[in-house]
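> Quick one, fold the following:
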Amino acid sequence: MGLAEIAQDQIKALPEGPVKEVLDFIGHIKSRNAQAQWHDLMQTQEITLAQVWDNPDDEVWNHV
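Have a look, this model is predicted:
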């Protein structure tokens, strides 16, 4: 039996109120993971574009 099945069995044994809390917590975890992925993507883009942004020809635009 995998973890998902174990969790499902545990959730089935709970009353409705705690199940709502579990669902809220799952939503929180999913949101946190999505934000972490977005942050990783932004960091990767920043690293990739750093050589485009930081070059002598582009220096004139740094103070605009």
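
> for this structure, what spans make up the strands?
Counting by DSSP state E, the chain forms no strands at all.

> ranges for the helices of it?
Counting by DSSP state H, the chain has helices at residues 3-12, 16-53.

> possible to save these as JSON lines with mean neighbour count?
From N, CA and C alone the C-beta is placed, and that goes for glycine too. Listed next are these as JSON lines, based on neighbours: other C-beta atoms under 10 Å:
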{"stretch": "helix 3-12", "mean neighbour count": "10"}
{"stretch": "helix 16-53", "mean neighbour count": "10"}
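
> which stretch in these has the least confidence?
Of all the helices of the chain, the minimum mean pLDDT falls on helix 16-53 (a mean of 90).

> Could you say which one of the helices of the chain comes nearest to residue 62?
Nearest to residue 62 among the helices of the chain is helix 16-53 (9.0 Å), distances taken as C-beta to C-beta.

> just to revisit the earlier point, okay if I get the helices of the chain as a markdown table plus distance to residue 60?
Listed next are the helices of the chain as a markdown table, based on distance: least, C-beta to C-beta, whole Å:
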| stretch | distance to residue 60 |
| --- | --- |
| helix 3-12 | 56 |
| helix 16-53 | 13 |
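
> Out of those, which gets nearest to residue 61?
helix 16-53 (9.1 Å).

> between the closest one and helix 3-12, how big is the angle?
140 degrees (axes from the mean of the first three to the mean of the last three C-alpha atoms, to 10 degrees).

> now helix 16-53, how far from the chain's geometric center?
Relative to its chain's centre, helix 16-53 lies at 1 Å (C-alpha atoms, centre = their mean, to the nearest Å).

> now do stretch 46-54
That offset, for stretch 46-54, works out to 23 Å (C-alpha atoms, centre = their mean).
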